[in-house]
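>>> I would like the atomic coordinates for the input below:
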Amino acid sequence: MLVTGYSDRINHAFAFAAKHHDQEVRKGTRLPYFTQPANVAVILTRYGCPEETVVAGILHDVVQGAVREGWSYDTLEERIGRKFGNSVLEIVLSIVERRIDDEGVELSHEDRRADRQTRLAMASEEALWVVAAMELHNANTLLSDVRRTAFPETVWARSAAGRDVTLHWYRDVTMRLREIGFGAPIVAELEAVSAELADAATP
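Numbers count the residues shown, from 1 in each chain. Here you go, the predicted structure:
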C-alpha cells in the first residue's frame with residue numbers, strides 16, 4: 001500500500017518511537033532525537049514508499065537500541081512485532097548493527113559496521129530504502145550544521161570517528177548500495193549530498 005497520508009499505523013509508530021526517545025537529544029545539539037525518525041519518515045513518504053517501509057524507518061533506532069541492549073528475538077517479537085507486524089521487525093533487523101555474529105562472537109564497532117555492509121546484499125528492497133533514507137537524513141543534517149557554523153570542527157567532533165572516517169562512511173554506503181544493485185533515485189540524492197559534504201569539509 002502506497003502512503004497517501006499518515007495512517008493510524010504510522011501515527012502509532014510515531015508515538016511509540018517518541019516515547020522510546022523521550023528526553024534524548026541528537027549528539028552535540030539540543031534537537032530532540034525524535035527528529036531523526038520523523039525526517040526519515042518524511043523522506044520515505046516523499047519517494048512514495050509503502051506504509052510498511054515508512055513504519056520500519058520510524059522504528060529503526062528503537063530496534064537498534066534494543067539489539068544493542070541485548071534483547072532476545074522473542075522479546076523484540078512480543079514488544080514490536082506484535083504491535084507493528086513481524087514483517088516490519090524483519091525489515092529492521094536485517095539492517096541494524098548486530099552485537100554478535102552468527103557464531104556468537106562479540107563484534108567491535110568497526111566489525112559491526114562491516115557486518116552491516118555485508119548483510120545489505122541479503123536485505124530486501126524495503127530495507128535498503130530505510131538505509132538510504134537514514135543515511136540521507138544524517139548526511140543532510142551534518143551538511144546543514146557544517147554550513148551554518150563558523151567552527152565546523154565542532155560539528156565533526158560529534159562523531160568519535162572524526163571527519164575523514166565519516167566522509168568515507170557515506171561514500172562506502174552509497175557505493176555499497178550501487179554495488180548490490182539498488183538503483184533507486186534516492187541513491188543519486190545521497191551521492192549528491194555526500195559530495196557536497198566532502199566539498200564543505202575541504203579547508
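
>>> distance of the nearest residue to A121 once chain neighbours are set aside from L107?
Counting by C-beta to C-beta, 6 or more residues apart in numbering, I180 is the residue found nearest to A121 once chain neighbours are left out, at 4.8 Å. C-beta coordinates here come from the backbone N, C-alpha and C atoms, glycine included. Distance from I180 to L107, counting by C-beta to C-beta, to the nearest Å: 21 Å.

>>> tell me, what residue is most central in this protein?
Closest to where the C-alpha atoms of the chain average out (C-alpha atoms, centre = their mean) is M134, at 3.4 Å.

>>> dump the residue contacts of that residue.
Q36, V40, G57, H60 (C-beta atoms under 8 Å, 6 or more residues apart in numbering).

>>> hmm, 7 Å instead?
V40, H60 (C-beta atoms under 7 Å, 6 or more residues apart in numbering).

>>> what's the answer for the one 4 residues further on, then?
Listed by C-beta under 7 Å, 6+ apart, N138 has no contact partners.

>>> likewise M122?
S94.

>>> Select the helix or strand of the chain having the lowest average pLDDT value.
In the chain, no helix or strand scores lower on mean pLDDT, DSSP states H and E than helix 152-156, which sits at a mean of 79.

>>> picking up where we left off before, ok, the residue nearest to A121 to Q117 distance?
10 Å.

>>> Which one's more surrounded, these two?
More neighbours surround Q117 than the other of I180 and Q117, with 18 against 14 (other C-beta atoms under 10 Å).

>>> wouldn't that one be in contact with M175 here?
No. Contact criterion C-beta atoms under 7 Å: Q117 and M175 do not qualify, at 9.7 Å.

>>> sorry, back to before: any idea whether the residue nearest to the centre of the chain is helix, strand or coil?
helix (DSSP: H, G, I helix; E, B strand; the rest coil).

>>> and if you look at D22?
From three-state DSSP, the assignment for D22 is coil.

>>> now this structure, which segments are flagged as low pLDDT?
Applying pLDDT under 70 to the chain flags the ranges 1-5, 23-33, 160, 203.

>>> The same query, at a cut-off of 50, please.
For the chain, residues meeting the criterion pLDDT under 50 lie at 1.

>>> tell me how far the ends of stretch 66-81 are from each other?
Taking C-alpha to C-alpha, to the nearest Å, stretch 66-81 runs 13 Å from one end to the other.

>>> Show me what counts as buried in it.
Residues A66, V67, W71, L76, R79, I80, G81 are the ones in stretch 66-81 that count as buried (16 or more other C-beta atoms under 10 Å).

>>> Then stretch 91-110?
Buried-residue list, stretch 91-110, by 16+ other C-beta under 10 Å: I91, V92, L93, S94, I95, V96, E97, R98, L107.
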